[in-house]
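**Q** Show me how the following folds:
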Amino acid sequence: MSRDPGRASLHPTRVPPPATPGTSGLATLAVAVVVVAALYLAREVFIPLVLAVLLSFVLTPVVNLLRRFHLGRVPSVIAAVLLALGIILSIGSVIGLQVADLAKNLPEYQTTVQRKVAGLQEGMLGRANELIHRFNRQVSEASNQAAATDTPVAQSGGQTPKPVLVKVQEPDPSPIVIAEKVLGPIVSPLTTVGIVLVVVIFILMQREDLRDRLIRLFGSNDLHRTTMAMDDAAGRLGTFFLAQLGMNAAFGVIVGIGLWFIGVPSPILWGVFSALMRFVPYIGALISGVFPVALAAAADPGWSMAIWAAALFLIAEPLFGQVVEPLLYGHSTGLSPFAVIVSTLFWGFLWGPIGLILATPFTVCLVVLGRHVERLEFLDVLLGDRPPLTPVENFYQRMLAGDPDEAQEQAELLLKERSLSSYYDEVALKALQLAANDYQRGVLETEQLDTIRQLTQSLVREFAKRPDEVPEVAGTDKAGAEASLAEKEHPKNEDVPGQAPEPAMRPAVWQGEAPVMCIAGRGPLDEAASSMLAQLLGKHGLGARVVPHEAVSRDNVRTLDVTGVAMVCISYLDISGNPAHLRYLLQRLQEKVPGKPILVGLWPAEDAILTDQALRRQVGADYYVISLRQAVETCLEALHKEMAPAMPSRIVR
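**A** Numbering: from 1, shown residues only. Predicted coordinates for the structure are as follows:
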């Protein structure tokens, strides 16, 4: 296909090449580096603050529940914080007692391990070790012989000086040093806990004030939407954190009970440890199983206890992760797997073990903000598990890349909740409009345009046997999650036109195999749009055939076969703001099929001809529509107008 000769005059400018990064990009990069450096250097300050914020999300539902029982804000906050403090101190005391009890039996466990190692050495492992030692001894002897040959004989009477043993005696530690070594590991966590609880109290007490300040920073231009977004985000995060905390606690309880039945020492310690490690995504639960399995191997003279302990973790984690969690609060955290791994590495590098535990909830906070605050949408795009491209953009990008299979896969997913006509209107046609616009701007080559047209028509043929109806499961949301900003840009149009009456009940002119003629506009992709319309008409009982634009040109319109044509539909993705050629086309068609209704489908809904009544009268079409669904409904209405003397004018549903 050759380019339109008038294209250069209509759109003389082309898209300039990408510019080199300016000062704003460099400033953004510098700010990012400074922020990361600040997070690392000031981690002693930021870690308590982040812990306090996350704990406030967990305690907010508790505070709201207490306030429903007519407690004031201050008593509710204090009661919730005291409850959290009691739980933390109880867990800490239990862990301390379990560790002390475990330390008493370490010599016995060491003896058991030595016996098992000795038993392994007497078996195949011992024989393999003996072979390795023999080989090393032979290599060492050969090396010594070579060294003795190359070393010159020492002078007679010479004596090698003997090394002098030097012993460094450190002074006895002072009481202050002893107190620092003993109390340091205890005072530091208690100080952190105290700071966290104090900050939590202030956050819960000043929650509305902090919310208003954030609204002022991020969304003062639209107070209603920003307020609703902040409240919804806080509620969702609080619910998620409570659910995750409950799930991890249940996992720890099951692990503790299971280890107790198996006989592993200190089962409560390993249950608490497993609950904490499960906050680390993917690998946390498996890592938490290494220590109790090793302890089981050290405590049991045989291997049965270690095998049962390993089986407990290998069964419990997949059961919780793949069955229980999806049933209770959705299948995922809303993060992409890649983002989870990257965020875990990032926060683990910055803040150590605490960062591993905080990585997932902290990243969830960022993603939720990205889904509600337009300025922070890039966080949802980079970290979230929602599609970064809209279905329209994805369709166009896949067709541009010559990959119709992925486009069809995405279409199959969308068709699980919408009709075929809705998919064509809201996705396929809009994607073709993007391609047509790029072609008009000069950024799309003719070969690429031909590829998009061919692949689109092949995709339409794939849906030849699919009915145009809304699936029964449409509108259900499996996870109940909020749609991303990209997903909100393509609403679902679920209205499905009706069915035409049987051919025997129609007027004679409508009884043919193809009473509707779908004519493509002069645009390069209009024929693909006409193919969609013809297919939808056939699914609703009206046969249709597609006619290319060349067949209705001034030279070819005289030979156009219009036998059995009752209605004409013309499809335009773009008329370039000049409807003169459309007016002349309608004049030729009105002469060829006099008295037959003519419908013009202008898929860009913003076209001037749709709002200018004088321009519409000047063009002379009978109907103007902006969607394929409207085109199908209009054709059915035109049929029923012909049947009006015999039956009421209505569309059969």
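
**Q** ok so G601 is a strand residue?
**A** Yes: the assignment for G601 is a strand, going by DSSP: H, G, I helix; E, B strand; the rest coil.

**Q** looking at it, it is touching V632, isn't it?
**A** No: in this structure G601 lies outside contact range of V632 using C-beta atoms under 8 Å: 10.3 Å. (C-beta placed from N, C-alpha, C; glycine too.)

**Q** what residues do those two have in common as contacts?
**A** Each of L533 lies in contact with both G601 and V632 under the rule C-beta atoms under 8 Å, 6 or more residues apart in numbering.

**Q** residue boundaries of the strands in this protein?
**A** Counting by DSSP state E, residue ranges of the strands within the chain are 516-520, 544-547, 567-572, 598-602, 623-625.

**Q** any chance of those in JSON lines, with mean neighbour count, mean pLDDT and distance to L589 too?
**A** Below are those laid out as JSON lines (neighbours: other C-beta atoms under 10 Å; pLDDT from 0 to 100; distance: least, C-beta to C-beta, whole Å):
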{"stretch": "strand 516-520", "mean neighbour count": "26", "mean pLDDT": "91", "distance to L589": "8"}
{"stretch": "strand 544-547", "mean neighbour count": "22", "mean pLDDT": "91", "distance to L589": "10"}
{"stretch": "strand 567-572", "mean neighbour count": "26", "mean pLDDT": "90", "distance to L589": "6"}
{"stretch": "strand 598-602", "mean neighbour count": "24", "mean pLDDT": "87", "distance to L589": "6"}
{"stretch": "strand 623-625", "mean neighbour count": "19", "mean pLDDT": "86", "distance to L589": "13"}
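
**Q** how near is N136 to Q145?
**A** In this view, N136 and Q145 are 15 Å apart by C-beta to C-beta, to the nearest Å.

**Q** Correction: the previous question concerned P507.
**A** 112 Å.

**Q** In JSON lines, list the strands of the chain along with distance to G498.
**A** As requested, those are exported to JSON lines (distance: least, C-beta to C-beta, whole Å):
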{"stretch": "strand 516-520", "distance to G498": "15"}
{"stretch": "strand 544-547", "distance to G498": "16"}
{"stretch": "strand 567-572", "distance to G498": "16"}
{"stretch": "strand 598-602", "distance to G498": "17"}
{"stretch": "strand 623-625", "distance to G498": "16"}
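
**Q** Which one, of the ones you listed, ends up nearest to F69?
**A** Closest to F69 of those is strand 623-625 (C-beta to C-beta; 58.7 Å).

**Q** So what's the gap between the closest one and the chain middle?
**A** Remark: strand 623-625 is offset 39 Å from the chain centroid, using C-alpha atoms, centre = their mean, to the nearest Å.

**Q** again with stretch 67-87
**A** When C-alpha coordinates are averaged (C-alpha atoms, centre = their mean), stretch 67-87 and its chain have centres 36 Å apart.

**Q** In contact with G564, which residues?
**A** Listed by C-beta under 8 Å, 6+ apart, the contact partners of G564 are V509, G512, E513, A514, P515.

**Q** nope, M532 is what I meant
**A** By C-beta under 8 Å, 6+ apart, M532 lies in contact with Y424, A428, L429, V460, L628.

**Q** quick one: the residue found closest to the third one once you drop the neighbours it is linked to in the chain from T456, how far?
**A** Nearest residue to L429 in three dimensions, chain neighbours excluded: W603, at 5.0 Å (C-beta to C-beta, 6 or more residues apart in numbering). Counting by C-beta to C-beta, the gap from W603 to T456 is 13 Å.

**Q** which one of the two has more residues nearby?
**A** Per other C-beta atoms under 10 Å, whichever of W603 and T456 has more neighbours is W603, with 28 against 25.

**Q** How confident was the prediction at the more buried one?
**A** pLDDT for W603: 71.

**Q** ok, which stretches of the stretch 151-300 of the chain are helices?
**A** 175-205, 207-218, 223-262, 267-277, 284-288, 290-299 (DSSP state H, counting those that start in this stretch).

**Q** Output the contacting helices and strands for the second one.
**A** Helices and strands touching helix 207-218, as assessed by 3 or more C-beta pairs under 8 Å, 6 or more residues apart in numbering; DSSP states H and E, comprise helix 223-262.

**Q** And the lowest mean pLDDT element among the helices and strands of the chain?
**A** Lowest on mean pLDDT, DSSP states H and E among the helices and strands of the chain sits helix 7-10, with a mean of 38.

**Q** Can you tell me, leaving aside adjacent residues, what's nearest to the spatially most central residue of the chain?
**A** Among the residues of the chain, the one closest to the centroid is D385, at 0.8 Å (C-alpha atoms, centre = their mean). Leaving out its chain neighbours, the residue that sits closest to D385 by C-beta to C-beta, 6+ apart is S336, at 4.6 Å.

**Q** Could you give the backbone dihedrals for the one you found?
**A** S336 adopts backbone torsions of phi -70, psi 150, taken as degrees, to the nearest 10.

**Q** show me the contacts for it.
**A** Shown in contact with S336 (C-beta under 8 Å, 6+ apart): L383, G384, D385.

**Q** would you turn those into TSV with distance to F395 and pLDDT?
**A** As requested, those are exported to TSV (distance: C-beta to C-beta, whole Å; pLDDT from 0 to 100):
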residue	distance to F395	pLDDT
L383	24	79
G384	20	75
D385	20	71
